[in-house]
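1. Generate a structure from the sequence data that follows.
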Amino acid sequence: MSTTRFLTGITTTGTPHLGNFVGSIRPSVAASLTPGVQSFYFLADYHALIKCEDPARIQRSTLEIAASWLAAGLDPERVTFYRQSDIPETTELTWLLTCVTGKGLLNRAHAYKAAQDKNAAAGREPDDGVTAGLFMYPVLMGADILVFNAHKVPVGRDQIQHIEMARDMAASFNHLYGEHFTLPEAAIDEHVATLPGLDGRKMSKSYNNTIPLFSSREQLRKLIGGLLTDSRAPGEPKDVEGSALFQIYQAFATPAETEALRQQYAEGIAWGDAKELLFERIDRDVAPMRARYDDLMAHPEKIEQTLLAGAERARQIATPFVRKLRSAVGLRSLAQASAAPKAAKAAKAALPSFKQYREADGRFYFKLVAADGRLLLQSTGFAAPKDAGQAIARLQQQGESALTALAGQLAPVEGVLAQELTAALQQLAEASNA
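-> Numbers count the residues shown, from 1 in each chain. Below is the predicted model:
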């Protein structure tokens, strides 16, 4: 079974809260235990610089988030857990991608357009207060993903555009310099829980309505006691629909526990009693993790050691890959100047290769050519080059299974055996992983 790479980044600008735990930390820790998955989790401290200009806050947030993930059960022996700024290959790749990314693509980024819309509404110049960091944010995110050739990136629907942009960058680079990048896909979980905050709105740092994940037991009880409820008195039936208290309880409780509280709502449980039930149910899950969290926060050197070990593991992949990309774009030793073209040509000739092109009908095609120049596979026409590129990437990643899935978009080539075609795809896959 081939390994699928998942990659998740967490921006280091705040303190993890219950909503982060339910919506991201808990499901991600569970996903990291899935067989056949290679997981990468990183602390996006370069991204934090776009949003925050307080160095102490960024450092503190990095510590709190790392401690939270580790306390929640993330096993650094099973996953690659690292700090973004410890991987210099990411920033080098950002520049390589910058040089193949159209400004028009970045103009369409949601965050940049939102900043311009806000300025327009306030009567300011469109780019007032917009830094180059905000504008280039999608390229850095693309480098985060592509430096490890991640297959899947778990994101919310508001982040899908960034994954599509990373795909465009990868396709542009591949078109110019050969097939180096896997085209990543967004992994959307339609069942991710979103918790309400203290005021009933979505729990968010932006609304200042959060319940920190690792509040002390006393703080947790006090914060839950401040949850917004209606004025119905003890004994009066209460609605679970729209009840922030009930929604938070449901995110932590078993189905049986949830049904029991639903019945108590119908029977008119007092709000104070309901809040105490919620507090005890959350604390039951959080207390063991809190002890581990407090220990890690008291010994930041343990976290630092874990992150540096993760960075070393990550760079075992990133360093040789970016070195290969440097050579691909022409950043090579001058001592090898005369030999490099010949060596590259010989290496390329020894492998099958995909050729993508446009015909007079305006449609885009590709073909797979054997090392000796024979045609092995021919596509039908695609409306856009991205569609053709995605089909090529699928064939490279999935091999024989993709041949079946894409059968309607492939034209048979007379005299080519199925075994020969499968072997060629396998040869390409092995070369890309070498």
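2. Could you list the low-pLDDT ranges of the stretch 201-350 of the chain?
-> Low-confidence segments of the stretch 201-350 of the chain, defined by pLDDT under 70: 336-350.
3. Helices along that one, start to end?
-> Using DSSP state H, counting those that start in this stretch, the helices of the stretch 201-350 of the chain run over 217-225, 244-252, 255-266, 271-298, 300-329, 339-349.
4. Contacts only, for Ala150.
-> Applying CB atoms under 8 Å, 6 or more residues apart in numbering to Ala150 gives the contacts 5-7, 40, 182, 184. Just so you know, the C-beta spots here come from the backbone N, C-alpha and C atoms, and that holds for glycine as well.
5. and if we set it to 7 Å?
-> Going by CB atoms under 7 Å, 6 or more residues apart in numbering, Ala150 touches 5-7, 40, 184.
6. just so I know, which of the helices of the stretch 201-350 of the chain lies nearest Val29?
-> For the helices of the stretch 201-350 of the chain, proximity to Val29 was assessed by CB to CB; helix 271-298 is nearest, at 10.5 Å.
7. buried stuff in the closest one?
-> Buried residues in helix 271-298, counted by 16 or more other CB atoms under 10 Å: 271, 274-275, 277-279, 281-283, 286, 289-290, 292-293, 296-297.
8. Check the offset of that helix from the chain's centre.
-> Counting by CA atoms, centre = their mean, to the nearest Å, helix 271-298 is centred 28 Å from the centre of its parent chain.
9. sorry, back to before: can you pick out the most distant pair from the contacts of Ala150?
-> Taking CB to CB as the measure, the contacts of Ala150 span a maximum distance of 11.8 Å, between Phe40 and Pro184.
10. returning to that earlier point: farthest pair within the buried residues of helix 271-298?
-> By the measure CB to CB, the buried residues of helix 271-298 have their two most distant members at Trp271 and Leu296, which lie 35.2 Å apart.
11. Show me the shaky parts of the stretch 1-150 of the chain.
-> 1-2.
12. returning to that earlier point: so which of the helices of the stretch 201-350 of the chain comes closest to Thr11?
-> Across the helices of the stretch 201-350 of the chain, Thr11 has its closest neighbour in helix 300-329 (15.6 Å, CB to CB).
13. rewinding a little: which of the helices of the stretch 201-350 of the chain sits most buried?
-> Per-stretch averages of neighbours, counted by mean count of other CB atoms under 10 Å, single out helix 244-252 among those, with a mean of 21.
14. Pull the residues that contact that helix.
-> Here helix 244-252 has contacts from 18, 22, 193, 195-196, 200, 227-229, 240, 258, 261, 265, 274-275, 278, 281-282, 285, using CB under 7 Å, 6+ apart.
15. my guess is Ala186 contacts Pro154, does it?
-> No: in this structure Ala186 lies outside contact range of Pro154 using CB atoms under 7 Å: 8.0 Å.
16. Buried ones in stretch 140-149, by neighbour count?
-> 140-149.
17. Ala44: which of the residues you listed is nearest?
-> Distances from Ala44 to the buried residues of stretch 140-149, taken by CB to CB, are shortest for Asp144, at 7.2 Å.
18. Quickly find the element holding that closest one.
-> In the assignment (DSSP states H and E), Asp144 maps to helix 132-146.
19. helices or strands next to that helix in the packing?
-> Where contact means 3 or more CB pairs under 7 Å, 6 or more residues apart in numbering; DSSP states H and E, helix 132-146 is packed against helix 45-51, helix 88-98, helix 110-121, helix 160-177.
20. Mind listing residues that contact the shortest one?
-> If I follow you right, that is helix 45-51. By CB under 7 Å, 6+ apart, the list of residues contacting helix 45-51 reads 11-13, 58, 62, 83-85, 131, 133-134, 137, 140.
21. and if you look at the last one?
-> Taking CB under 7 Å, 6+ apart as the criterion, the residues outside helix 160-177 that touch it are 97, 100-101, 105, 109-110, 138, 141-142, 145-146, 153, 155, 180-181, 183-186, 328-329, 356, 386, 389.
22. Recalculate using a threshold of 6 Å.
-> Residues outside helix 160-177 that contact it (CB atoms under 6 Å, 6 or more residues apart in numbering): 97, 100-101, 110, 138, 141-142, 145-146, 153, 181, 183-184, 186, 328-329, 389.
23. hang on, Asp356 in a strand?
-> One thing to correct before we go on: residue 356 is Gln, not Asp. Yes: counting by DSSP: H, G, I helix; E, B strand; the rest coil, Gln356 is part of a strand.
24. what's the closest non-adjacent residue to it?
-> Leaving aside its sequence neighbours, Gln356 sits nearest to Phe366 (CB to CB, 6 or more residues apart in numbering; 4.4 Å).
25. Check the gap between that neighbour and Glu359 for me.
-> Noted for Phe366: a distance of 11 Å to Glu359, by CB to CB, to the nearest Å.
26. neighbour-wise, which of the two wins?
-> For Phe366 and Glu359, the more surrounded residue by other CB atoms under 10 Å is Phe366, and the numbers stand at 21 against 9.
27. So which other helices or strands are in contact with the helix or strand harbouring that one?
-> Taking DSSP H and E as the definition, Phe366 sits inside strand 364-369. Secondary-structure packing of strand 364-369 (3 or more CB pairs under 6 Å, 6 or more residues apart in numbering; DSSP states H and E): strand 353-358, strand 375-379, helix 385-398.
28. tell me the angle it makes with strand 353-358.
-> In terms of direction (axes from the mean of the first three to the mean of the last three CA atoms, to 10 degrees), strand 364-369 departs from strand 353-358 by 160 degrees.
29. can you give me the angle strand 364-369 makes with helix 385-398?
-> Going by the same axes, to 10 degrees, strand 364-369 makes 30 degrees with helix 385-398.
30. quick one: strand 364-369 to strand 375-379, angle?
-> Interaxial angle of strand 364-369 relative to strand 375-379 (the same axes, to 10 degrees): 160 degrees.
31. what residues does strand 364-369 touch?
-> Residues outside strand 364-369 that contact it (CB under 6 Å, 6+ apart) are 352-359, 376-379, 381-382, 385, 388, 392.
32. swap in stretch 232-240?
-> With contacts defined as CB under 6 Å, 6+ apart, stretch 232-240 is touched by 246, 262, 265-266, 268, 270.
33. Please apply the same query to stretch 116-131.
-> Ala115.
34. what about Val147, distance to Leu140?
-> Per CB to CB, Val147 is found 11 Å from Leu140.
35. next one: Leu428
-> Counting by CB to CB, the gap from Leu428 to Leu140 is 29 Å.
36. of the contacts of strand 364-369, buried ones?
-> 352, 354, 356, 376-377, 379, 382, 385, 388, 392.
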